[in-house]
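K.L.:
Provided below for reference: sequence and predicted model.
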Amino acid sequence: MKLRQLIPILFCISFLPMGCEEDDICIGEGTPHLTVVFRNIQNTSNQMDTLSIYRSADIGFENSDTIYEKIFTDSIKLPMGGLNDERVYFKIKRRSNVDQDILTIDYQSKSEYVSKACGFRLVYENLSYQITNYHINSIVPSESNELRDESITNLYIVLDN
């Protein structure tokens, strides 16, 4: 009698793993941000500084977004634009200086399918940079001119003292 009751239970238990499927979780496969590191002009070590950074689709910064407000850091991650954009402007303000540098980034964006969990993401190609030189001495882009993930530094900004 006990064996007769045990067989249907074992039969049902054996089919339980077949009804489950892997969880759809997206980890780290979204649209990447531009990684920027600030360097000291006297040596090539990273330089911590107090920064405020604003982003805009137009050079006038009339409808700008505040990305960072008075943070003390030596590196940042900047969000780029969307599929319809080809240029984005970042206003970089050091400490309480009146003059603010404007970083202009030109790019081409395209969507790329990642997975069922993540859906689509944007990748950026043909990155090019221009900067005003008030408090920034120079910029050094990475060897790659595309942005697919956040694993490498895309741009070094060399600051004046």
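P.N.:
Cool, the structure landed.

K.L.:
For the protein, just list every one of the helices.
P.N.:
With DSSP state H applied, the chain shows helices at 2-19, listed in chain order.

K.L.:
Which residue lies closest in space to the residue positioned nearest the centre of it, excluding its sequence neighbours?
P.N.:
Among the residues of the chain, the one closest to the centroid is His33, at 1.1 Å (C-alpha atoms, centre = their mean). Across the structure, with C-beta to C-beta, 6 or more residues apart in numbering as the measure, the residue nearest His33 apart from its sequence neighbours is Lys77 (3.8 Å). Every residue, glycine included, has its C-beta placed from N, CA and C.

K.L.:
That neighbour contacts Val37, doesn't it?
P.N.:
No. Using C-beta atoms under 8 Å, Lys77 is not in contact with Val37, being 10.5 Å away.

K.L.:
what about these two, which has more around it?
P.N.:
The residue with more neighbours, out of Lys77 and Val37 and counting by other C-beta atoms under 10 Å, is Val37; that gives 17 against 13.

K.L.:
so that one bridges to which residues?
P.N.:
According to DSSP bridges, the residues that bridge with Val37 are Ser75, Tyr156.

K.L.:
tell me the contacts of it?
P.N.:
Each residue near Val37 by C-beta atoms under 8 Å, 6 or more residues apart in numbering is listed here: Asn46, Asp74, Ser75, Thr153, Leu155, Tyr156, Ile157.

K.L.:
Mark which of those residues are buried, thanks.
P.N.:
Neighbour counting by 16 or more other C-beta atoms under 10 Å classes Asp74, Leu155, Tyr156, Ile157 among these as buried.

K.L.:
Perfect, that will be all.
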